[in-house]
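Enquirer: below are the sequence and a predicted model for it; my questions follow.
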Amino acid sequence: MVYNTVFNYFGGLRTQSVMAADDPDLTVDLIARAADELEFLKLINSVPSLCIPGVIRNAIRRYEYCWLPLCNATRRVLPAPIDVQWVWHVHMLAPYHYLKDCMAVIQYIPDHFVMSATERNSKLTESSDKWSEMFPQEPFYLDYDIVPPMMEKPETQLSYDLELAVTRQAAFYYNVSLSHYRENGFLSEALIRYIKFLKLKKLYSDAFLVPCYDVDLIWHTHQLHPLNYEKDTEAYLGRMFNHDDTTTDRDRESKLSQADELTRTLWRQTYNEEFPRAGAMYRGEHPRLKMTAFNEGNAHYLCAKAGKVTISDIKVHGFPNKKYKLKFHLRLFGNANKVTKVTTLKGKEVEKSWPDVINTYINTEQHRILQVICAKVIGCGLGSGKYTGQHTTTVIAEMDGINPLHNQPHTFTKNLQLMSCVDNSPTEMSVEFNLNIPHPPGILKSYFYLRKGTNMKEFETVNLGAGMQDWWGPMPLPRVPASVPNQDQVSYASHQIVTHDGKAAFLCRVSHSKALKISAIHLYSGECLVGMAHEIGTEQLPTASSWQVRFMEIF
């Protein structure tokens, strides 16, 4: 049967959809609410601590022991605290468990609808007041920057393992977060595909069908209106349509992969079109699961610093006890061996210490090394000084080690053994002094340079075997026929990225797979993956037509 569907939003005006006689009667405006759902998921994604086990377990406790009783007491649809709202959200995505568990805990099924940010904010005060009235010892709002200790799993009447479910659902937003998911054209087409997905389930009721992410977004949105969802799917399918997200293994022979192949085949046979849709396919694991955040403290360590430094209480030990005068030099060395003289101190044969305070200004981009030189003075003419010992020490480590947020003085005691100026062998002399940094150094720009790998002519090749996904990180690996050879073979080259002072900041690895036709750049700080770039194709990017508001025909 042919029918036309007008997109629900055209120039901001609602229009009436023309539905076929055998279409399901959906009682939720799924396009508008899907857009609200994306905003909610974005909010959850902005609170990384909601992925931490201690926070999740505490949220589940608050959900079962506080929120569900509050829903039962008010019998109103209200917004919960963000941690509880997230657990509630995940629970509703297991519709049979949600109905069963709510009846077990409160003998009532709380309804819900996906709220816009405005709707949520307008109702939060009512929620907070009722919460405080019923649970005065339990705060409604929490500081999610403070991670609670991992608590013992409390007694529960919930049949569904919400801890595992919350962890699984944390990756969903990443796959629907690109901007085209917020386009009316894309969402309207997703709704049409969801209707066709329900039709396919009606035709093949026993099949385990796997949706693309555009369909899954609409499906999730429908389930988040639990009473409507139960009514709509029971009326159309004869029973409520279950949603099972416990199958996550994407290996070729896994249940998920086989169900995906079956869905593609049935869709092609039923609708004479391909099921995969440009911009609606798997993007990979959430980078948060595979990558380490490169925070402000890491960046501070790599930046050049500048600030006032004082040197005081200089003492020379082990200077020859002959009647020589002592000449003491302090010099700063920087780029291109540029020398900045700090001071030259002189003393009689009996004076080998100076209480003076020497002020200087150090810029670690220009001044990398502090050099100490001791010389014995013979005679009084030019060239009368004879170097007896020297030592070079970095000033960068001390500057790097200071937290810029802690505005307090820092003092470092230096005790340096002097080396021979002739053959650099150890001498019996040493120099002791205090290096004082009265205020946190200022942060300057950081300059990075590429230090190329040793083999620049050819890439190295490695067979990864079972380590394929670990190598490529959170990016999705394309589906290719099993007959394609060398699918686990990767060609790669590694280079270092160093800072202005020659410090190794990152390892940059460039990888190519001829068999999979993919390339990627991975950036490591130590052993941690902190950045990456990879190609994406039409599986992750939509076609131009998907962005346009238009009429469509469905067969």
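Expert: On my side now, so go ahead.
Enquirer: by residue count, tell me the biggest helix in this structure.
Expert: When the chain is parsed with DSSP state H, its longest helix is helix 184-203.
Enquirer: what is the mean pLDDT for stretch 154-161?
Expert: Averaging pLDDT along stretch 154-161 gives 92.
Enquirer: who touches it?
Expert: The contact list for stretch 154-161 (C-beta atoms under 8 Å, 6 or more residues apart in numbering) reads 60, 61, 64, 65, 91, 94, 97, 98, 100, 101, 104, 105. Bear in mind the C-beta positions are built from the backbone N, C-alpha and C, glycine included.
Enquirer: who's in contact with the first one?
Expert: For residue 60, the contacting residues are 87, 156, 158, 162, 163, 166, taking C-beta under 8 Å, 6+ apart as the criterion.
Enquirer: against residue 328, how distant is the fifth one?
Expert: By that I understand residue 163. According to C-beta to C-beta, to the nearest Å, residue 163 and residue 328 sit 65 Å apart.
Enquirer: between these two, point out the one with more neighbours.
Expert: Between residue 163 and residue 328, residue 328 has the larger neighbour count (other C-beta atoms under 10 Å), namely 21 against 15.
Enquirer: and for residue 538, nearest residue in space, chain neighbours not counted?
Expert: Excluding the flanking residues, the one nearest residue 538 by C-beta to C-beta, 6 or more residues apart in numbering is residue 278, at 4.2 Å.
Enquirer: try residue 521
Expert: Leaving out its chain neighbours, the residue that sits closest to residue 521 by C-beta to C-beta, 6+ apart is residue 533, at 4.7 Å.
Enquirer: rewinding a little: and the residue nearest to residue 538, how far from residue 259?
Expert: Look at residue 278 and residue 259: by C-beta to C-beta, they are 21 Å apart.
Enquirer: show me where the stretch 1-150 of the chain has helices.
Expert: Residue ranges of the helices in the stretch 1-150 of the chain, as given by DSSP state H, counting those that start in this stretch, are 30-45, 53-62, 68-74, 82-92, 95-106, 117-134.
Enquirer: just the C-alphas of stretch 513-524, formatted as PDB.
Expert: The C-alpha trace of stretch 513-524 is given here as PDB (Å, rounded to 0.1, in the frame of the first residue of the first chain):
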ATOM      1  CA  SER A 513      44.300  -1.000   7.100                       C
ATOM      2  CA  LYS A 514      44.200  -1.900   3.400                       C
ATOM      3  CA  ALA A 515      41.700  -4.700   4.000                       C
ATOM      4  CA  LEU A 516      39.300  -2.500   6.000                       C
ATOM      5  CA  LYS A 517      40.000   0.600   4.000                       C
ATOM      6  CA  ILE A 518      40.400   2.800   7.200                       C
ATOM      7  CA  SER A 519      43.000   5.100   8.600                       C
ATOM      8  CA  ALA A 520      43.400   6.700  12.000                       C
ATOM      9  CA  ILE A 521      45.700   8.900  14.000                       C
ATOM     10  CA  HIS A 522      46.000   8.100  17.700                       C
ATOM     11  CA  LEU A 523      47.500  10.400  20.300                       C
ATOM     12  CA  TYR A 524      48.900   9.000  23.500                       C
END
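Enquirer: list the buried residues for that stretch?
Expert: 513, 516, 518, 520, 522, 523, 524 (16 or more other C-beta atoms under 10 Å).
Enquirer: which element is residue 267 on?
Expert: Assigned by DSSP states H and E, residue 267 falls within helix 255-271.
Enquirer: that helix: how far from the chain's middle?
Expert: Between the centre of helix 255-271 and the centre of its chain there are 33 Å (C-alpha atoms, centre = their mean, to the nearest Å).
Enquirer: with stretch 389-396 instead?
Expert: In this view, stretch 389-396 has its centroid 39 Å away from the chain centroid, taken as C-alpha atoms, centre = their mean.
Enquirer: in it, which residues are buried?
Expert: Using 16+ other C-beta under 10 Å as the test for burial, stretch 389-396 gives 389, 390, 391, 395, 396.
Enquirer: so which of the residues you listed are in strands?
Expert: When DSSP state E is applied, those are split such that 389, 390, 391 fall in strands.
Enquirer: returning to that earlier point: between the contacts of stretch 154-161, which sits nearest residue 250?
Expert: residue 94 (20.6 Å; C-beta to C-beta).
Enquirer: residue 394 touches residue 371, doesn't it?
Expert: No. Using C-beta atoms under 8 Å, residue 394 is not in contact with residue 371; the gap is 10.7 Å.
Enquirer: helix, strand or coil for residue 236?
Expert: helix (DSSP: H, G, I helix; E, B strand; the rest coil).
Enquirer: list the contacts of the residue nearest to it when sequence neighbours are not counted.
Expert: With sequence-adjacent residues excluded and distances taken as C-beta to C-beta, 6+ apart, residue 236 is closest to residue 24, at 3.9 Å. Neighbouring residues of residue 24 by C-beta under 8 Å, 6+ apart: 195, 198, 199, 232, 233, 235, 236.
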